[in-house]
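Trainee: compute the structure for the input listed below.
(2 chains)
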Amino acid sequence: MNEINPSLSLTESSKRPLNTLQNIGLLIGFSGIAIITFSLFSLYQNYSEILLYSSLGAISLGVILYTIGTYIGKTPGIKNDYNWLSGLTNRGTTAWIAGIFITTFYVLLYWYPQLLGLGVNGQSNSGLIGFFDPLSQLLKGPEKFASEWFVYGTLYTLAILVFGIKFIAKYKHNRYQVIRTISVMFFQLGFAFIIPAILEAMSLPYNDFKNVWPLNYYFFDTWNINGYLNAGNIGLFMLIFGVAMILLVTPILTYFFGKRWYCSWVCGCGGLAETAGDPFRHLSDKSVKAWKIERWSIHLVLVLAFIMTIAVIYNYRAQEVRYLVTTESFLIGFTILMLSLAGITFYNRDKWINKHNRIAFIIGACLLGLVFLCIGLSYFTFGSNDLFFIQTYKIQQFYGFFIGAAFSGVVGVGFYPIMGSRVWCRFGCPMAGLLGLQQKFFSRFRITTNGSQCISCGNCSTYCEMGIDVRAYAEKGQDIVRASCVGCGICSAVCPRGVLKLENGPMIDQRASEKRAFFIAEDEIKML
Amino acid sequence: MRIVIIGNGISGITAAKTLRQLSDHEIIVISDESELFFSRTALMYVFMGHMRVQDIVPHPKSFYEQHNIKLHFGRVNTVQFEHKQVEFNDNHTLAYDKLIIATGSKPTMYGWPGSHLDGVHNLYHLQDLENIERHAETCKHAVIVGGGLIGIELAEMLHSRAIQVTMLVRESGYWNNVLPAEESEILNKHISEQGIDLQLQTELKEIWGDKEKVKMILTSNGAKINTQLVGITTGVQPNISFLDFTSIEKNRGLLTNSFLETSIPDVYAIGDCAELRNPTKGRKAVEPVWYTGRMMGELVAHNILGAQKAYDPGIWFNSAKFFDIEYQVYGFVPNQEMPGIKHIFWKHPSKNKSIRLVYEEKTGTILGFNLLGIRYRQEVCEKWIAEETSIETVLQNLSLANFDPEFFKSYEKHLVHIYNEQSGAKLKLQSNGRLSQVLTFLKHS
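Mentor: Numbering: from 1, shown residues only, chains lettered A, B, ... in the order given. From the prediction side, this is the model:
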């Protein structure tokens, strides 16, 4: 054999064998999905309410039965058999069907909700969205009909809960995984689903307390800020809480625990990726090329989020001066902020650039330049809503369409079965980008390796949903400090030789040990 | 200078990488198994669908191009030592200035009748995986011969495809020629609870076939077992038969001095195929282990470039995984009672976890750690053993060694308790095992 044959012609010949319980689970689960799908045609009439709860129940029961069928009676351990041998998890036909189904649903939801039955111009809901009215009314009050976001939120939360149970069953022997999964289930159910519903029932502004700027890109939008300011003390609390999350909670927790406290313990996007997305985690691209693209794209989105936010805040200030700053203090404040950022970057230039961190430096410089440009221009266009000669709402619109909807939703979730579960978190999320920069330079978190025990098997790299080539570090006995690592802990779990451990310790420049093996560098890239 | 390396396993590739890191010499690596180095220990995961073949390949082809390590795909016929050239089976030759032989092992076959039949497999080469794959499709029942690390891997592989597996093990407990009885017993139970038919003190006698295909085997107990696949995993031996008619000195493996030099000038042997003339105390002359192969690969590179360092494998360590039970060992852990050697053994009442500490009775010096289902830090254990730390110091600081993931229960206090009961001492755990404490411990001597 001259070359390693990548397929070994395995993929077509063998399929994951399913037992009776698994088949029953699939049948019940898919019948639930079918009921919801056929609600599009508004056929259910008087049985609608009972069918809604039956369908949600059927999906839950289906997944639970499937889980029992899969893991019951097996000794606790790593259960990754057949992942590359069955169509759903090796980009086979089933995967493409699933991907297209989810993507279509997302496209309809984001841009054509009326096709799903959203009532426009005062009409009542019909179809799929009307199907969810009873649940919305039950949770929020008789006058609160479902919206496309309510449907989305309900299915999203349900997915995290039922697949969270499946994940816990799969990793029952690993307390880190169990506790972490309970955490994401709790935050999704409580913070993203129940609290917002209660707020709406009380006619308070919608608020997902765990959704932090810049992931929550509309936090500084005029309508959002005004919503807070018009909602009395509770609104003010929400505003202060949101700002405190950005300026205090996030940096402090990231310093002590790395970005995992958010990305794989709290965040909803991460929550879905870790639960429903778990069967697809090995599909992430591990190539150096993907790593290069990742660093450009995630930091560009971060820059874009910054620019959009500046535009939005400027826009708010321009409209009405209330609680917030005046034109002068806004401009002075931003100038000082940007100058200090520039100062820090300049002060650390040797350290960072020596570590091949040119890209971060370039992005920082671009950001700075753009902001100064903005400030300069704003003096000339004083009083208008324009920024960078573009109306600010257009920047928002662009960001909302391409980043907020197309990237995080359609590509981020719809492409799970093709590109893995963390596409959005890895390539697009500005929050992950920001936390990643801190994790890389100012955090106590790292993955340590256990001496020389690595056998270069590749399980860690394969099951890294962020596409980090963990093995490249582990086989050299190096600690792993990477901006993208979300600290899911799966590399440590799948390692058959007990080599990897997620740890918080002294600052990251104090490594656990010198490299044990003195192997040569894999490639020229050693940053982020 | 042209350095030719025969074999692209962990030893050969480590040698090539280290040589490249330290020098600009021409490096040529020869293999006829696969063009790129792959992790042999991970073959099982490819079969089970955890990974694809490309996932167990640590470096892409571009890595070798980038570092100017030439890969030569071909089978070596023999080495013409007197002309300093390697001869391939297509008769072309390749001259070398320095030669590193890193041809690894081959499975040992004991000449059972029927070994030639279709359906008799080893698990060593990439090609074995393809053969097993071809047979697994129609196989209902498989017999695995041999109670070692490869045997249990093959059992797990076939079991994952819902194939009934019978394991024939010569010893009275799985791997109890290495592991103490208690650990072996945990594994016996675990293997059986997977649904594997573990037949102890049983050996293979004959393999019978039908139309050149495996049909049935006969065991040493006289039992006949219908089967379609026989996996022979009774150990490995140095793969050096291609040098049979040359003048190089060999015993089981190619004999080397402590600088890894063979009897022929400018020729070195490393990894599984090397046999040390004077192994360090307590170590074997041939050690077919991933880790020692890697160490030899690094060392030979330094020695070729003039370092003249003697091979010192350091404190013994190894690891494995038996179905769902991870195993780690550090230092000296005898498999049976020895005079003057004491053990502290703790076993979880219900889970497959155990910890064993071995120490010298007279001096109290720690000698070894044996772990099932629990991870310990190699560097911490190594340091304790190297510094001849007393068992009481080790016990009080045992948390420093724990490497289990966060939130896992720790069981170190049970070992302290057992020791207190055994000796009447009143020790308490002192360290909490935080990374900062571990780093402080490792930095200070």
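Trainee: tell me which helix or strand of chain B sits lowest on mean pLDDT?
Mentor: Ranked by mean pLDDT, DSSP states H and E, the weakest helix or strand in chain B is helix B:435-443, scoring a mean of 87.
Trainee: show me which residues of that helix are buried.
Mentor: Judged by neighbour count using 16 or more other CB atoms under 10 Å in any protein chain shown, the buried positions of helix B:435-443 are B:435, B:437-439, B:441-442. C-beta coordinates here come from the backbone N, C-alpha and C atoms, glycine included.
Trainee: which among these gets closest to chain A?
Mentor: B:Leu435 (3.2 Å; CB to the nearest CB).
Trainee: so what's the closest one closest to, chain neighbours aside?
Mentor: Excluding the flanking residues, the one nearest B:Leu435 by CB to CB, 6 or more residues apart in numbering or on different chains is A:Gly505, at 3.2 Å.
Trainee: what ranges do the strands span in chain A?
Mentor: Ranges of strands in chain A, per DSSP state E, are A:386-387, A:390-391, A:445-449, A:500-504.
Trainee: just to revisit the earlier point, ok, the residue nearest to B:Leu435 - how many residues close by?
Mentor: For A:Gly505, the count of nearby residues is 19 (other CB atoms under 10 Å in any protein chain shown).
Trainee: okay, now the domains of chain B?
Mentor: B:2-106+B:237-304, B:120-234, B:317-443 (automatic domain parsing).
Trainee: save those domains as CSV, and put in distance to A:Gly404 too.
Mentor: Shown next, in CSV, are those (distance: least, CB to CB, whole Å):
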stretch, distance to A:Gly404
domain B:2-106+B:237-304, 34
domain B:120-234, 42
domain B:317-443, 34
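Trainee: what about the closest residue to B:Gln194 other than its chain neighbours, how many neighbours?
Mentor: Leaving aside its sequence neighbours, B:Gln194 sits nearest to B:Phe323 (CB to CB, 6+ apart; 5.6 Å). Using other CB under 10 Å, B:Phe323 is surrounded by 18 other residues.
Trainee: next one: phi and psi at B:Phe323?
Mentor: Note on B:Phe323: backbone dihedrals following degrees, to the nearest 10 are phi 50, psi -110.
Trainee: returning to what we had before: contacts only, for the residue nearest to B:Leu435.
Mentor: Going by CB atoms under 8 Å, 6 or more residues apart in numbering or on different chains, A:Gly505 touches A:444, A:446, A:512, B:434-436, B:438-439.
Trainee: what of A:Val312?
Mentor: Taking CB under 8 Å, 6+ apart, we find A:Val312 in contact with A:220-222, A:392, A:396.
Trainee: list phi and psi for B:Tyr376.
Mentor: The phi/psi pair for B:Tyr376 (degrees, to the nearest 10) reads phi -120, psi 150.
Trainee: quick one: pLDDT of it?
Mentor: Turning to B:Tyr376, the model gives it a pLDDT of 97.
Trainee: in the sheet, who's paired with it?
Mentor: B:Asn402 (DSSP bridges).
Trainee: give me the neighbour count for it.
Mentor: B:Tyr376: 25 surrounding residues under other CB under 10 Å.
Trainee: number of nearby residues for the closest residue to chain A within the stretch 151-300 of chain B?
Mentor: The nearest approach of the stretch 151-300 of chain B to chain A comes at B:Ser160, 4.6 Å away (CB to the nearest CB). The tally of other residues near B:Ser160 (other CB under 10 Å) stands at 19.
Trainee: tell me which helix or strand B:Gly282 sits in.
Mentor: Using DSSP states H and E, B:Gly282 is not contained in any helix or strand.
Trainee: again with B:Gln308
Mentor: With DSSP H and E as the test, B:Gln308 turns up in no helix or strand.
Trainee: gap between it and chain A?
Mentor: Distance, B:Gln308 to chain A, by CB to the nearest CB, to the nearest Å: 18 Å.
Trainee: now do B:Gly111
Mentor: The gap separating B:Gly111 from chain A is 28 Å, by CB to the nearest CB.
Trainee: can I see the domain layout of chain A?
Mentor: Using automatic domain parsing, the domain ranges for chain A come out as A:8-74+A:112-194, A:288-427, A:433-504.
Trainee: pLDDT of the longest one, averaged?
Mentor: Which is domain A:8-74+A:112-194. Rounded mean pLDDT across domain A:8-74+A:112-194 is 90.
Trainee: thinking again about what came up before, of all the domains of chain B, which one is nearest A:Leu300?
Mentor: For A:Leu300, the closest of the domains of chain B is domain B:2-106+B:237-304, at 26.3 Å, according to CB to CB.
Trainee: and the longest helix belonging to chain B, what's buried?
Mentor: Longest helix in chain B, counting residues (DSSP state H): helix B:290-304. Buried residues in helix B:290-304, defined by neighbour count with 16+ other CB under 10 Å: B:290-304.
Trainee: same check on stretch B:63-78?
Mentor: B:63-64, B:67, B:69, B:71-73, B:76.
Trainee: can you list those residues in CSV and add pLDDT and secondary structure?
Mentor: Listed next are the buried residues of stretch B:63-78 as CSV, based on pLDDT from 0 to 100; DSSP: H, G, I helix; E, B strand; the rest coil:
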residue, pLDDT, secondary structure
B:Phe63, 92, helix
B:Tyr64, 95, helix
B:His67, 93, coil
B:Ile69, 97, strand
B:Leu71, 97, strand
B:His72, 96, strand
B:Phe73, 95, strand
B:Val76, 97, strand
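Trainee: follow-up on the earlier one: ranking the domains of chain A by burial, who's on top?
Mentor: Neighbour counts (mean count of other CB atoms under 10 Å in any protein chain shown) averaged over each of the domains of chain A peak at domain A:433-504, with a mean of 24.
Trainee: flag every residue of the stretch 251-400 of chain A that's near chain B.
Mentor: The stretch 251-400 of chain A comes close to chain B at residues A:His282, as judged by CB under 8 Å from any CB of the partner chain.
Trainee: so which residue is smack in the middle of the chain?
Mentor: If you meant another chain, say so; for now it's chain A. Of all residues in chain A, the one closest to the mean position by CA atoms, centre = their mean is A:Cys269, 3.1 Å from it.
Trainee: should've been chain B
Mentor: Centroid-nearest residue in chain B, with CA atoms, centre = their mean: B:Val289, separated by 3.6 Å.
Trainee: was I right about it contacting B:Asn318?
Mentor: Yes - at 6.3 Å, B:Val289 and B:Asn318 qualify as touching, with contact defined as CB atoms under 8 Å.
Trainee: from B:Glu287, how far out is B:Gly331?
Mentor: 15 Å (CB to CB, to the nearest Å).
Trainee: cool, B:Lys351 as well?
Mentor: 32 Å.
Trainee: then A:Tyr399?
Mentor: Going from A:Tyr399 to B:Glu287 by CB to CB gives 60 Å.
Trainee: please apply the same query to A:Glu200.
Mentor: With CB to CB as the criterion, A:Glu200 and B:Glu287 are 68 Å apart.
Trainee: just give the closest residue to A:Met431, not the sequence neighbours.
Mentor: Closest residue in space to A:Met431, ignoring its immediate chain neighbours: A:Leu215 at 3.7 Å, by CB to CB, 6+ apart.
Trainee: list phi and psi for that neighbour.
Mentor: Taking degrees, to the nearest 10, you get phi -60, psi -40 for the backbone angles of A:Leu215.
Trainee: was I right about it contacting A:Leu434?
Mentor: No - the criterion here is CB under 8 Å, and A:Leu215 misses it with A:Leu434 at 9.1 Å.
Trainee: so where's the chain uncertain?
Mentor: Unless you meant another one, I'm taking chain A. Scanning chain A for pLDDT under 70 picks out A:1-14, A:314-331, A:334, A:345, A:348-365, A:367-368, A:370-392, A:507-528.
Trainee: let's do chain B instead
Mentor: Applying pLDDT under 70 to chain B flags the ranges B:445.
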